[in-house]
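Chemist: following is a predicted model, sequence given first.
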Amino acid sequence: MDINIGQKGFSLLEVMIALSLLAVGLLSIIIMVQYSIISNAKGRNMTEATVLAQSHLEVNVGGTAYNNLKNYTTSRLNADGSTNVTGGRYKVFCKVTSISTTLDVKKIDIAVKWKASEKNGGGFITHTVQINSLRARDN
């Protein structure tokens, strides 16, 4: 076997090291993309729940007479507030508390809850968005 000193190319060891570095880099990118997808889904759920809570608060603060304010819990709602056959992801809780009978002021607490699966634990975690406001009697 003749060994040519001037021969150019990569040795098997160099190719193996390069492929190993490439594999580590690609694996890192895949993990970052997966984390990004999960984070985007969590952000979407949080935004939808916040919008739903705000819309319920607007109805209670501006669209309901002071004497008609009351506690309620909704069935499972979709992000747009509608329901369907399978039920939505969000549940809305409204709690109305009279904090001052002298000033006729009520506190309105709106909580939107939903369950989301967690990849690592395999179970479900309940998430909550809560908005609070005060409502005075109309004159």
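Modeler: The structure has been received and is ready for your questions. Computed from a predicted structure; not experimentally measured. Numbers count the residues shown, from 1 in each chain.

Chemist: all strands of the chain, in order?
Modeler: Remark: strands assigned in the chain by DSSP state E are 72-73, 91-100, 105-117, 124-136.

Chemist: return the most buried member of those strands.
Modeler: Highest mean neighbour count of the strands of the chain: strand 105-117, a mean of 17 (counted as mean count of other C-beta atoms under 10 Å). From N, CA and C alone the C-beta is placed, and that goes for glycine too.

Chemist: returning to that earlier point: redo the strands of the chain as TSV? Include distance to residue 59 and mean pLDDT.
Modeler: Output for the strands of the chain, formatted as TSV (distance: least, C-beta to C-beta, whole Å; pLDDT from 0 to 100):
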stretch	distance to residue 59	mean pLDDT
strand 72-73	11	88
strand 91-100	9	90
strand 105-117	10	89
strand 124-136	12	90
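
Chemist: for those strands, which one sits closest to residue 8?
Modeler: strand 105-117 (54.5 Å; C-beta to C-beta).

Chemist: can you count the residues close to residue 76?
Modeler: Residue 76 has 14 neighbours, counted by other C-beta atoms under 10 Å.

Chemist: just to revisit the earlier point, Serialize the strands of the chain to TSV and add fields for distance to residue 41.
Modeler: Shown next, in TSV, are those (distance: least, C-beta to C-beta, whole Å):
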stretch	distance to residue 41
strand 72-73	25
strand 91-100	19
strand 105-117	8
strand 124-136	12
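
Chemist: nice, that's everything, thank you.
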